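Enquirer: Give me coordinates for this.
(one chain, ligands or ions: 1)
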Amino acid sequence: MKRVIIDTDTAGDDTIAILTALHHFKVEGITITGGNVQFDQQVENALYTVQVAGKGGEVPVSKGYERPIMGIGKGQHRTVEDVHGKDGMGNSYFEKAVQRPESKHAVDFLIETVHENPGEIHFLAIAPLTNIAMAIKKDPSIISKIPHVYIMGGTNNALGNITPAAEYNFWVDPEAARIVLNSGLPITMVGWEMCTRYSIMDDEDHKNIEKLNTVGSQFFKDVNKVVKEFNKKVHKLNGTTHPDTLLMAVAADESIMTRSNIYYVDVETAGELTRGYSVVDINGRFEREKNVRVCEEIDRNAFKNMLINVLQSIK
Ligand code: CA
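Expert: Numbers count the residues shown, from 1 in each chain. Alright, predicted model coming up:
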């Protein structure tokens, strides 16, 4: 079983991604980065999700950076309660989990865990990349000891979600994304357009999931209430989107990624209209060394079955 650390801004699909990871990997820890909703709420959401999976107390949850690298003074990032509900959980207002967060900072947890297990710990990044960027800044010697980083973020020359140009995770902290992509770490990127093409669960899918009648399926229904309406209204999408779960599925079974290519990818940090845009240099026009394996096609049925299996297994 692959050993992993999940870095997450836990709200909405992050929760289903965490359930998926707990099902398929040995999760050594969960680290929280500022992103989707109010920071302490995200911490509670991660702790609660671990409890839903029946693993309360078994997986440490560590608090990292609450704000992006440049998030000082007026640099507060925009949270997205409109997408995931005020609590980030579809306005479900779940009870507090029994488990409490660790006192150690997430960045120190990342660094120490990598050093103690060189070549063993894969990173599953489903949030702005602040914690991971700061970890490799603080101790670059971890870079050669991390076998792979799977990143949900950016787009491959496609429409963004938080702006027309940018996907949310890269938009919140483009400097962090830039640091990580240019670090020399082996990276697989699953962009937002993979999510809109292959991960949408429509009304019929939701009905089928509801029929499972498990703790997992009820949880799925609860956390997805708000995003379903949001997607209809804003993105003109009929169903719920599961970018973070898709990333977990790819990391768990790379064969569901039926096409990928390695390109030079970088992130716009200055653009007047395009801050956070991920530049995927498909034709090699920058003549830069290729640094990221970009996911380009998914076996949708395989992904769907994987998601359903996870929800079914949580009784
Ligand atoms: Ca996320």
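Enquirer: Can you tell me the element residue 18 falls in?
Expert: Residue 18 belongs to helix 13-24 when assigned by DSSP states H and E.
Enquirer: Following that helix in sequence, what is the next regular element?
Expert: Elements were assigned by DSSP H and E; along the chain past helix 13-24, the next helix or strand is strand 26-32.
Enquirer: Next, the angle helix 13-24 makes with that next one.
Expert: Counting by axes from the mean of the first three to the mean of the last three Cα atoms, to 10 degrees, strand 26-32 lies at 160 degrees to helix 13-24.
Enquirer: all strands of this structure, in order?
Expert: Shown for the chain, the strands assigned by DSSP state E span residues 3-8, 26-32, 61-63, 121-126, 149-152, 187-190, 257-267, 278-281, 292-298.
Enquirer: Show me the one of the ones you listed that comes nearest the ion.
Expert: For these, proximity to the ion was assessed by Cβ to the ion; strand 121-126 is nearest, at 4.2 Å. Yep, even glycine has a C-beta here, placed from its N, CA and C like the rest.
Enquirer: Export the strands of the chain as JSON lines, with columns for mean neighbour count.
Expert: Supplementary listing: the strands of the chain in JSON lines, determined by neighbours: other Cβ atoms under 10 Å:
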{"stretch": "strand 3-8", "mean neighbour count": "26"}
{"stretch": "strand 26-32", "mean neighbour count": "23"}
{"stretch": "strand 61-63", "mean neighbour count": "24"}
{"stretch": "strand 121-126", "mean neighbour count": "25"}
{"stretch": "strand 149-152", "mean neighbour count": "27"}
{"stretch": "strand 187-190", "mean neighbour count": "25"}
{"stretch": "strand 257-267", "mean neighbour count": "19"}
{"stretch": "strand 278-281", "mean neighbour count": "22"}
{"stretch": "strand 292-298", "mean neighbour count": "22"}
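Enquirer: Please convert the ones you listed to TSV, extending it with mean pLDDT.
Expert: Written out in TSV, the entries for the strands of the chain read as follows (pLDDT from 0 to 100):
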stretch	mean pLDDT
strand 3-8	98
strand 26-32	98
strand 61-63	98
strand 121-126	98
strand 149-152	98
strand 187-190	98
strand 257-267	98
strand 278-281	98
strand 292-298	98
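Enquirer: will you turn those strands into JSON lines that also has distance to residue 230?
Expert: JSON lines is the format used below for these (distance: least, Cβ to Cβ, whole Å):
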{"stretch": "strand 3-8", "distance to residue 230": "20"}
{"stretch": "strand 26-32", "distance to residue 230": "23"}
{"stretch": "strand 61-63", "distance to residue 230": "26"}
{"stretch": "strand 121-126", "distance to residue 230": "18"}
{"stretch": "strand 149-152", "distance to residue 230": "18"}
{"stretch": "strand 187-190", "distance to residue 230": "21"}
{"stretch": "strand 257-267", "distance to residue 230": "25"}
{"stretch": "strand 278-281", "distance to residue 230": "23"}
{"stretch": "strand 292-298", "distance to residue 230": "23"}
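Enquirer: Any idea which of the ones you listed gets closest to residue 94?
Expert: Ranking the strands of the chain by distance to residue 94, with Cβ to Cβ as the measure, places strand 61-63 first at 15.1 Å.
Enquirer: The closest one - which strands sit beside it in the sheet, and in what orientation?
Expert: Listed by DSSP bridges, the sheet partners of strand 61-63 and their directions read strand 26-32 (parallel).
Enquirer: Run the contact check for the partner strand versus the ion.
Expert: No. Using Cβ under 5 Å from the ion, strand 26-32 never reaches the ion; the gap is at least 10.4 Å.
Enquirer: what number of residues lie near whichever residue of the stretch 151-300 of the chain sits closest to the ion?
Expert: At 4.8 Å from the ion, residue 244 is the closest residue in the stretch 151-300 of the chain, using Cβ to the ion. Burial of residue 244 is recorded as 31 neighbouring residues (other Cβ atoms under 10 Å).
Enquirer: That one touches residue 126, doesn't it?
Expert: Yes. In this structure residue 244 lies within contact range of residue 126 using Cβ atoms under 8 Å: 3.9 Å.
Enquirer: Mind listing the shared neighbours of the two?
Expert: With contacts taken as Cβ atoms under 8 Å, 6 or more residues apart in numbering, the residues that reach both residue 244 and residue 126 are 8, 14, 17, 152.
Enquirer: interface residues of this structure facing the ion?
Expert: Counting by Cβ under 5 Å from the ion, the residues of the chain close to the ion are 9, 14, 126, 127, 244.
Enquirer: what's near enough to touch the residue lying closest to the fourth one once chain neighbours are set aside?
Expert: Nearest non-adjacent residue to residue 127, counting by Cβ to Cβ, 6 or more residues apart in numbering: residue 9, 3.8 Å away. Residues touching residue 9, when contacts are defined by Cβ under 8 Å, 6+ apart, comprise 32, 33, 34, 35, 36, 37, 42, 126, 127, 128, 169.
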